[in-house]
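Participant: I need the structure of the sequence given here:
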Amino acid sequence: MPKIEETVLQNDPSEAVTGAHKPKTPGQSQENKSFCLDDHSPDLIETVNEVSKLSIAHEIVVNQDFCMEESVLPPNSLEGRFMETMYNAFWDHLKEQLLSTPPDFTCALELLKEVKEILLSLLLPHQNRLRNEIEEALDMDLLKQEAEHGALDVPHLSNYILNLMTLLCAPVRDETVQKLESMTDPVQLLKGIFNVLGLMKMDMVNYTIQSLRPYLQEHSVQYEQAKFQELLDKQSSLLDCTTKWLTKAATDLTTPSPSSLGSLSSSSLGCSPPNWAANSSELPSPTMVLYHGYLNLLLWDPDDDEFPETLLMDRIRLQEMESQLHQLTILASVLLVARSFSGNVLFSSPEFVDKLKCITKALTEEFNSRPQETMVSVSEQVSWEIHQGLKDMGLTALSSENTASLIGQLQNIAKKENCVRNIIDQRIHLFLKCCLVRGMQESLRDFPGGLSLIKGELAELGWNFFNLMHHNQQVFSPYYAEILKNVIPQAQAQETEVESV
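Facilitator: This next block holds a predicted model:
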């Protein structure tokens with residue numbers, strides 16, 4: 001694949017991928033809502049395009065696995081069946097036209113026109129000689145004249161296209177292109193050419209993305225700030241939900257309650273940062289309010305549409321993190337209860353712990369929809385694994401009384417008020433708070449008790465959360481600072497009024 005850095009860096013870095021297939025990533029979905037836009041704005045289409053560019057550039061920076069993939073419809077879906085029918089009908093019609101006497105080249109010309117456009121899109125600006133050669137060989141006016149006289153040589157054109165594909169394709173497509181060379185049926189050959197060209201186009205897009213990533217990472221903060229400011233200039237209300245989100249965070253910290261994350265003791269984790277308001281007489285620092293707001297995102301009601309605008313591009317990604325956090329809470333609760341009954345000897349075996357993790361993860365996939373039934377299955381399987389593990393190690397088996405207690409405590413994890421589950425949930429949230437306040441390296445060195453069995457999984461979640469929030473803070477810090485300058489005193493004033501009443 002030729003190098004393209006000198007090409008893409010001359011243009012808007014997001015434009016290289018705006019025309020490709022819809023990407024499939026953990027952070028993007030059709031459910032992801034765009035910025036609130038006034039439907040009557042004359043700049044609506046332009047604004048939507050700017051949001052699209054911003055979203056793609058942001059995704060490339062924060063998602064190292066971002067790539068474009070072929071959009072495949074479910075085969076049994078109505079849309080899938082319709083598209084398959086239309087697709088087959090085209091190729092059947094092309095075959096009928098080529099076999100008719102005299103041959104009809106209408107569909108073939110349309111196909112060749114599309115193929116020409118794809119081939120040209122795979123070229124770099126400096127490949128002028130090859131561009132001119134393609135323009136000459138696939139001159140649509142000339143081909144149309146040949147078709148009208150029945151002199152269009154489809155096999156010759158197909159071979160020419162195959163030679164170009166061999167020259168332009170990535171090494172991973174060499175074998176596929178070579179297989180096309182053995183095809184003799186002109187319709188099947190054109191179908192194969194068209195399909196492989198689609199893959200080559202995605203290869204070029206993904207190579208462009210890889211080339212863009214270092215550039216975007218270096219300039220992403222300035223780029224996203226500039227794009228967001230352009231949107232804000234067109235719609236002044238673009239920060240309304242962000243203001244409400246930060247106001248709630250400030251209120252949480254100035255009016256601590258037992259259910260508030262801000263009221264949880266940080267000292268137990270060694271996470272007692274300066275300026276984190278310990279009581280309502282102190283004003284929390286803007287940074288601590290922002291961090292508290294970030295943590296609130298992991299408790300967000302999915303039906304609440306007032307998600308902060310500055311984080312809309314990451315809403316699906318944050319929902320996935322919230323789901324991971326919930327799964328880790330259940331997993332750690334199960335492991336903690338199981339270890340309390342079976343002892344440290346059995347849990348000192350990494351193989352046993354890994355096996356128990358795999359079993360628990362598999363059985364708790366449907367926990368949200370069927371918590372009681374799920375934990376019944378978990379309790380039965382975990383108790384059996386502990387019984388078998390103790391037996392294999394020559395240790396004393398659990399008594400029937402302890403087995404019944406183990407099963408009962410595991411099944412109680414299904415209840416939201418379960419004390420083990422609540423403690424684990426609080427400690428995970430406090431760990432994430434420490435990741436933001438103290439940084440990842442220091443937080444990992446001082447890992448919270450009770451979570452050591454899920455250290456690897458929690459560390460991965462912590463890094464993802466930290467990196468995402470750090471990037472967001474860099475991009476939107478000027479807007480956050482201006483908002484927090486107003487909402488923190490307001491929250492304090494409201495609390496003072498309540499106390500006076």
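Participant: residue ranges with poor pLDDT in this protein?
Facilitator: Low-confidence segments of the chain (pLDDT under 70): 1-54, 57, 63-64, 66-68, 70-75, 216-217, 256-282, 491-501.
Participant: okay, domains of it per the record?
Facilitator: Using automatic domain parsing, the domains assigned to the chain come out as 1-29+65-227, 241-500.
Participant: just put the ones you listed in TSV and tack on distance to Lys234.
Facilitator: Placement of C-beta: from N, CA and C, glycine included. Converted to TSV, the domains of the chain look like this (distance: least, CB to CB, whole Å):
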stretch	distance to Lys234
domain 1-29+65-227	11
domain 241-500	13
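Participant: just so I know, which of those domains lies nearest Asp233?
Facilitator: Minimum separation from Asp233 across the domains of the chain (CB to CB) falls at domain 1-29+65-227, 10.7 Å.
Participant: how much space between the nearest residue to Gln490 once chain neighbours are set aside and Ile483?
Facilitator: Spatial nearest neighbour of Gln490, chain neighbours left out: Thr247 (7.2 Å); criterion: CB to CB, 6 or more residues apart in numbering. Here the criterion is CB to CB, to the nearest Å. By it, Thr247 lies 8 Å from Ile483.
Participant: for Gly462, list the residues it contacts.
Facilitator: Residues near Gly462 by CB atoms under 8 Å, 6 or more residues apart in numbering: Phe431, Leu432, Cys435, Met440, Ser443, Leu444.
Participant: out of those, who's the most crowded?
Facilitator: Cys435 (26 neighbours; other CB atoms under 10 Å).
Participant: now for the helix or strand that that one is a member of, which elements pack on it?
Facilitator: Using DSSP states H and E, Cys435 maps to helix 419-438. Helix 419-438 is packed against helix 286-296, helix 315-342, helix 440-445, helix 455-500, with contacts defined by 3 or more CB pairs under 8 Å, 6 or more residues apart in numbering; DSSP states H and E.
Participant: those: which one's closest to Phe90?
Facilitator: Closest among the helices and strands packed on helix 419-438, using CB to CB: helix 315-342, at 34.9 Å.
Participant: Thr101 and Met321: what is the separation?
Facilitator: Thr101 is 64 Å from Met321, where distance means CB to CB.
Participant: of these two, who's got more company?
Facilitator: Met321 (20 against 6).
Participant: so who does that one touch?
Facilitator: Met321 neighbours (CB under 8 Å, 6+ apart): Leu298, Leu461, Asn464, Phe465.
Participant: circling back: just want to know which of Thr247 and Ile483 has more residues nearby.
Facilitator: Neighbours were counted for Thr247 and for Ile483 using other CB under 10 Å; Ile483 has more, 23 against 20.
Participant: OK, contacts around the more buried one?
Facilitator: Neighbours of Ile483 in contact, by CB under 8 Å, 6+ apart: Leu239, Thr242, Thr243, Leu246.
Participant: among the residues you listed, who's most crowded?
Facilitator: Leu246 (27 neighbours).
Participant: is Asp301 in a helix, a strand, or coil?
Facilitator: coil (DSSP: H, G, I helix; E, B strand; the rest coil).
Participant: that one - how many residues pack around it?
Facilitator: If you count neighbours by other CB under 10 Å, Asp301 ends up with 8.
Participant: the helix or strand where Gln409 lies vs helix 419-438, what angle?
Facilitator: Using DSSP H and E, Gln409 sits in helix 400-412. Angle, helix 400-412 to helix 419-438, by axes from the mean of the first three to the mean of the last three CA atoms, to 10 degrees: 50 degrees.
Participant: so what does helix 400-412 touch, helix or strand wise?
Facilitator: helix 315-342, helix 371-392.
Participant: if you set the cut-off to 10 Å instead, what comes out?
Facilitator: helix 315-342, helix 371-392, helix 419-438 (3 or more CB pairs under 10 Å, 6 or more residues apart in numbering; DSSP states H and E).
Participant: stretch 319-326: which residues count as buried?
Facilitator: Gln319, Met321, Gln324, Leu325, His326 (16 or more other CB atoms under 10 Å).
Participant: no no, stretch 343-360
Facilitator: Quick answer for stretch 343-360 (16+ other CB under 10 Å): Leu346, Phe347, Phe352, Val353, Leu356, Lys357, Ile359, Thr360.
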